[in-house]
Structure formats: structure tokens, C-alpha cells
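[1] Got a predicted structure plus its sequence, pasted below:
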There are 2 protein chains.
Amino acid sequence: MTFDEAALDRAFLALADPVRRALIARLSRGPATVNELAEPFPITLQAISRHISVLEAAGLITRTRDGQRRPCHLAPNALEQLTSWIDQYRLTTERRFRAIDAVLETVKEQDQ
Amino acid sequence: MTFDEAALDRAFLALADPVRRALIARLSRGPATVNELAEPFPITLQAISRHISVLEAAGLITRTRDGQRRPCHLAPNALEQLTSWIDQYRLTTERRFRAIDAVLETVKEQDQ
DNA sequence: CCTATATTCAACACATCAGTTGATCAAGGC
DNA sequence: GCCTTGATCAACTGATGTGTTGAATATAGG
């Protein structure tokens, strides 16, 4: 599996903001328009609109058209890409740790 | 599972940089000192030192002491936290998609 | 001790980000 | 056609990030 560095930059940066993570959380329960997404937040609609652009540019959400509304949908494939990037290194490290543990266990046995 | 927003900010921001991701990749193969980590990069040692501080503050790595060296170790637990945050929403969305697919399938059958 | 090595700190320049306000565009409803 | 609604664009501000250079700290080793 190979990853586009610039795409990873955009995706992780997009997740590095509590407002955008909250938008992700909301969208995981179903599509929503910009106004609906903005409603719970104490910041301007324009600020939310820009957060949504960031999420879209990162590939984390997609947008459709419904008259004058632009509903947002979460893109689970993009999220899956991120977990697989992380897991690639997490699992390698965990395997290495287990190998070390096994060696320590062997040494301990030989001490006895 | 509940998550510390500020910690997620730091962790995702830490991953939103190609140099820091490369450091993670290197550390997944085993511990390394600051000098060793800096070697492949065309930027100053001080810049790498700061990247390492960012990773440490994000909890993604830990550091030990070996004389005048400060070896870095990847912290797989922190990575696991991130994947579980992402998966929480990814899986919800995928389940919802499958439910919609099932409904569409039913409608299609009834049309026939 | 004295010097070399490993690492960090401090101060600066430059770019990018997150928010604001005010204006603009596009689709709907009457 | 005209006004309202949904959403975006543009320009500006303050904060934060990423790199640099130069100085400082701390341990190692002769």
C-alpha cells in the first residue's frame, strides 16, 4: 500500500481541529447541509463553510446538490486509508515489542 | 471510549507533516537517537529536534536516556487510540451505508 | 581538566490557519 | 420579476507552525 504524502498532510491536518472532528462525528450519523452543520457551533456560518471546504479538499467528505443546498456526506474510504496508514506502523512496532518480550521471557527462564 | 480533544489535536497535527510521518516510519523499525533520525533529512538537526518534541508532546513517541543520547521509541498505544477514534465514525458510516443498500435492494425486488 | 559530541534553547523570518465582517452568487417561492 | 434563503468569496487580523542561525547545556573520553 502506497500513500500520497500531500493527501495525508491534508487529511491529518483536517482532523487536527476539534470543530472539524465534531463535523465528522455529526456526519457519521447521516448527511447534513452547511446550515444544519453550523447550527450547534458558536462561530459564523462562513467559518463552518471553510471548515467543510477543508474536509472536502482532504477527501474526508463528499458533497452533493439538492437545489440551493449542498449536503455533506462522510467518506468512509478516506478514513479507512488513514487507519491503514497508522496501523502499518503500529502493528510493526507491536510485533517488535512482542518479540522483545519473548526474548526477555527466555532470559528469565534461563536464570532460574 | 472518550477522547481528550486537546490530545487529539496534538496527535493529528503531529501526523500532518511528512517529516514527522517519516520519523514515525523509521521508529517503527526500532528506537533511534536524534542524530540518527536527522541523518536522512536535508534540514537542520534543530528542526528535527523540534519535530521530535512535537511527536513527544503528542504522546506518539517516548524518550529514554543513554548517556548523552536521548533515544526515541514509538508509542503504539497512542497510535491505537487514533485508529479507534477514526474507526468509531468510519464503522458507523459504513453500517449506515450497508443499511441503505439493503433498503434499495428490497425496493428493487418489490419492483419486479 | 579540556575538548568533542549529542542535544536543546532563543530569537528571528516567513507562511499558513482560524476567525471576523461585508459583499456576492445562485436557487426557490410567491 | 423580486425578495428570501443557502452558501460562498474576499479582505483583514491575530495566532501558530516551520525553518534558519547562533549560543548554551550536558555528558563522554582522553
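    Nice, thanks for sending it over.

[2] where's A:Ser28 relative to B:Ala78, distance?
    22 Å (C-beta to C-beta, to the nearest Å). Yep, even glycine has a C-beta here, placed from its N, CA and C like the rest.

[3] One more: A:Leu79?
    To B:Ala78, A:Leu79 is 18 Å away according to C-beta to C-beta.

[4] Next up, the contacts around A:Tyr89.
    Counting by C-beta atoms under 8 Å, 6 or more residues apart in numbering or on different chains, A:Tyr89 makes contact with B:Ile24, B:Ala25, B:Leu27, B:Ser28, B:Leu74, B:Leu79.

[5] how about the fifth one, what does it touch?
    Contacts here follow C-beta under 8 Å, 6+ apart; on that basis B:Leu74 touches A:Tyr89, A:Thr93, B:Ile24, B:Leu27, B:Ser28, B:Leu60, B:Ile61.

[6] about what we covered before: between A:Leu79 and B:Ala78, point out the one with more neighbours.
    More neighbours surround A:Leu79 than the other of A:Leu79 and B:Ala78, with 26 against 20 (other C-beta atoms under 10 Å in any protein chain shown).

[7] A:Arg21 against B:Ala6, yeah?
    No. If you go by C-beta atoms under 8 Å, A:Arg21 and B:Ala6 don't touch, sitting 11.6 Å apart.

[8] Compare those two (neighbour count), which wins?
    A:Arg21 (21 against 9).

[9] Could I get the contacting residues of the more buried one?
    Taking C-beta under 8 Å, 6+ apart, we find A:Arg21 in contact with A:Leu15, B:Glu5, B:Leu8.

[10] what about 7 Å?
    Contact analysis of A:Arg21 by C-beta atoms under 7 Å, 6 or more residues apart in numbering or on different chains lists A:Leu15, B:Leu8.

[11] What count of nearby residues applies to A:Leu13?
    18.

[12] Not counting residues beside it along the chain, what's closest to it?
    B:Ala16 (3.8 Å; C-beta to C-beta, 6 or more residues apart in numbering or on different chains).

[13] could you measure that neighbour against A:Ala16, distance?
    Taking C-beta to C-beta, one finds B:Ala16 at 6 Å from A:Ala16.
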